[in-house]
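Visitor: Here is my input, please return the structure:
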Amino acid sequence: MHPAIDTSDIELLRAQGMSEEDVAHSVAVAELALEITGRLPVPLDMELVSRGALFHDLGKVKTHAMEHGRIGAELGEKLGLPPEVRAVMEKHIWGGLTAPEAREFGLPEKDYTLHKLEERVIIYADRLVDILTEGKVPLKDPRDAEERFEEILKAYPKYGKNDITMARYFGYHREIQGLITAAGDASLTV
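Guide: Residues are numbered from 1 along each chain as shown. Okay, here's the model as predicted:
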């Protein structure tokens, strides 16, 4: 397990009644988000990446519907989780909705877009973990999901959701892969 993951956070998820399947998903998202963060050439808040990824689906202890983001943030406040972690929990639905999209989905109308790179890394990892673990997409290896990310989201509506959401995911993918590529190019010139 990545050293930035605090096992007491995993026990806290279990203590809230999270299913073992959802705990495994949350841990996998945290592991991948931290691994991706390690490839980026910019310093990120590792605690936010770890805890935001671990707790992003806490609301699924009550429902797996779209409201699980808002419910999770409310549960996170009762647990005393930091506002930055609760923001990830509330905003991760469909990769960060705009206020008009939130209204369309019956959520409180406000801006759920992801302003921090840490948030976008977590949501990118969440999408990748779904692709890697659900067995719907034949993959050569885990990196194949990153390399074919846009092709997969176009081919499998489950992962791309709709055109607006897919464009948002493509933006995160391009930003993060661009940073990773730039870091690789920089290391070659040293």
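Visitor: Please make it C-alpha for all contacts and neighbour counts, starting now.
Guide: Fine.
Visitor: Distance from the helix or strand where A125 lies to the middle of the chain?
Guide: Per DSSP states H and E, A125 falls inside helix 117-133. Here helix 117-133 is found 4 Å from its chain centre; the criterion is Cα atoms, centre = their mean, to the nearest Å.
Visitor: Mind checking what helix or strand follows it in sequence?
Guide: helix 142-147.
Visitor: starting at the chain centroid, how far to that following helix?
Guide: How far helix 142-147 lies from its chain's middle: 16 Å, per Cα atoms, centre = their mean.
Visitor: need the next SSE after it, C-terminal direction.
Guide: Assigned by DSSP H and E, the successor of helix 142-147 is helix 149-155.
Visitor: what's in contact with that following helix?
Guide: Outside helix 149-155, the residues that touch it by Cα atoms under 8 Å, 6 or more residues apart in numbering are L128, V137, A145, Y159, G160, M166, F170, H173.
Visitor: Of these, which one scores lowest on pLDDT?
Guide: Least confident of those in the model: G160, at 83.
Visitor: phi, psi of that residue?
Guide: When read as degrees, to the nearest 10, the backbone of G160 gives phi -90, psi -20.
Visitor: before we move on, back to that, please identify the buried residues of the helix holding A125?
Guide: Within helix 117-133, the residues scored as buried using 16 or more other Cα atoms under 10 Å are 117-132.
Visitor: by contact count, what packs against it?
Guide: Helix 117-133 sits against helix 20-39, helix 46-55, helix 142-147, helix 157-160, helix 163-189, with contacts defined as 3 or more Cα pairs under 8 Å, 6 or more residues apart in numbering; DSSP states H and E.
Visitor: distance between the last one and the chain's centre?
Guide: Computed by Cα atoms, centre = their mean, the chain-centroid distance of helix 163-189 equals 15 Å.
Visitor: now it and helix 117-133, what's the angle there?
Guide: 100 degrees (axes from the mean of the first three to the mean of the last three Cα atoms, to 10 degrees).
Visitor: what's near enough to touch the residue nearest to the spatial centre of the chain?
Guide: Against the mean C-alpha coordinate of the chain, by Cα atoms, centre = their mean, the closest residue is I123 at 2.4 Å. Contacts for I123 (Cα under 8 Å, 6+ apart) come out as H92, G95.
Visitor: want to throw the helices and strands packed on helix 117-133 into JSON lines with distance to H2 and mean neighbour count?
Guide: Listed next are the helices and strands packed on helix 117-133 as JSON lines, based on distance: least, Cα to Cα, whole Å; neighbours: other Cα atoms under 10 Å:
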{"stretch": "helix 20-39", "distance to H2": "6", "mean neighbour count": "20"}
{"stretch": "helix 46-55", "distance to H2": "9", "mean neighbour count": "24"}
{"stretch": "helix 142-147", "distance to H2": "17", "mean neighbour count": "14"}
{"stretch": "helix 157-160", "distance to H2": "26", "mean neighbour count": "17"}
{"stretch": "helix 163-189", "distance to H2": "19", "mean neighbour count": "15"}
